[in-house]
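In: Whatever this is, show me its structure:
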Amino acid sequence: MAPALDPITAALAEQERQRTLVFIGLPESNATRPSERVQEDRKVATKILDHLDVEAEPTAVFRLGRYDPQRTTPRPLKVVMPTPTHQHIALGGWKRERVRLRSQQNLARLFVRPALTKEQLKEEYEARVRKRQQDPAPMAPPMQPARQKTRLPSTKMGQNRRRPVKDVGQNRRRPVKTLPNHRKLTKQSKTKFAELSSKFNPFEKNSPILSKENSSADLQLFL
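Out: Numbers count the residues shown, from 1 in each chain. Sure, this is the predicted structure:
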């Protein structure tokens, strides 16, 4: 257990905490020299403060924890501002500009928060654990068996759609009207009838109308 701080040291630590910002998720520099990494961190922190509309230079910029080149996650970056007012301005700007800042390259995982005490950090950690327990990750729905497609027997194209052929003239044929015999006679038959009638003698046995010279075709004209 760490020894308790005297009142003066505790007051100074509280004043510094009220002026401090913590940048989380900010990528670290790959430079081998510590001074080059510090300069890169200060340059990036100043750029972020410009986007947050803070008109002040930070008094201190450094990483929390020991540098480890094998570390996969970046260390938090502590940024100490001159006054608590600048901290409030930066936090307000973060609420407004965080979406636009995260859209930039290497800032997709950036998160800006104020400096917290050990008690506050512990409470924040416990709150995150409770939230994970209350909202577990959604489980994937159970797999359903694939439906088998039933194939219909193959038929020739147009076989089921073929329509019966109708006789066009069969159903639409008009009935032939029966006319009197004298109305069926054509001009030719009328002429033939007049010619034979003039030669016909019912009292003569060898009448021309009954002779073999007159074919059956001529007689059909009068039937």
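
In: CA atoms for contacts and neighbours, from now on please.
Out: OK.

In: Burial check on the closest residue to residue 83 other than its chain neighbours, number of neighbours?
Out: Spatially, and ignoring its direct neighbours in sequence, residue 83 is nearest to residue 19 (5.5 Å; Cα to Cα, 6 or more residues apart in numbering). Around residue 19 sit 21 other residues, with neighbours defined as other Cα atoms under 10 Å.

In: Tell me how far residue 19 lies from residue 38.
Out: Distance of residue 19 to residue 38, computed by Cα to Cα, to the nearest Å: 20 Å.

In: before we move on, the earlier item: so who does the residue nearest to residue 83 touch?
Out: Under the criterion of Cα atoms under 8 Å, 6 or more residues apart in numbering, the contact list for residue 19 reads 80-87.

In: Give me the buried entries from these.
Out: With neighbours counted using 16 or more other Cα atoms under 10 Å, the contacts of residue 19 contain these buried positions: 80-81, 83-84, 86-87.

In: so which of those residues comes closest to residue 118?
Out: Distances from residue 118 to the buried ones among the contacts of residue 19, taken as Cα to Cα, are shortest for residue 80 (17.8 Å).

In: what's the nearest residue to the closest one if we skip its chain neighbours?
Out: Leaving aside its chain neighbours, residue 80 sits nearest to residue 20 (4.3 Å; criterion: Cα to Cα, 6+ apart).

In: so that neighbour makes contact with residue 112?
Out: No - using Cα atoms under 8 Å, residue 20 is not in contact with residue 112, being 10.6 Å away.

In: more neighbours, those two?
Out: A count of neighbours by other Cα under 10 Å puts residue 20 above the other of residue 20 and residue 112, at 26 against 18.

In: okay, the more buried one: pLDDT?
Out: Listed pLDDT for residue 20 reads 97.

In: so what's it up against?
Out: Contact criterion Cα under 8 Å, 6+ apart gives 78-81, 84, 87, 114-115 as the residues in contact with residue 20.

In: now do 7 Å
Out: When contacts are counted by Cα atoms under 7 Å, 6 or more residues apart in numbering, residue 20 is found next to 78-81, 87, 114-115.

In: one step back: sort out for me which of the contacts of residue 19 are in helices.
Out: With DSSP state H as the criterion, helices contain 84-87 from among the contacts of residue 19.

In: Would you map the helices across the protein?
Out: 7-18, 34-51, 84-102, 118-134, 168-172, 181-184, 187-199, 216-219.

In: Looking at these, spot the one closest to residue 68.
Out: helix 34-51 (11.7 Å).

In: Just the residues contacting the closest one, thanks.
Out: Contact with helix 34-51 is made by 29, 31, 61-62, 90, as judged by Cα under 7 Å, 6+ apart.

In: The same query, at a cut-off of 10 Å, please.
Out: Contacts made with helix 34-51 from outside it, assessed by Cα atoms under 10 Å, 6 or more residues apart in numbering, are listed as 23, 26-31, 52, 54-58, 60-63, 67, 77-79, 86, 89-90, 93-94, 97-98, 100-101, 107.

In: Buried ones only from those, please, as a ChimeraX command.
Out: The following ChimeraX command selects only the buried members of those, with burial defined by 16+ other Cα under 10 Å:
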select :23,26,27,28,52,54,57,58,61,62,63,77,78,79,86,90,93,94,98,101,107
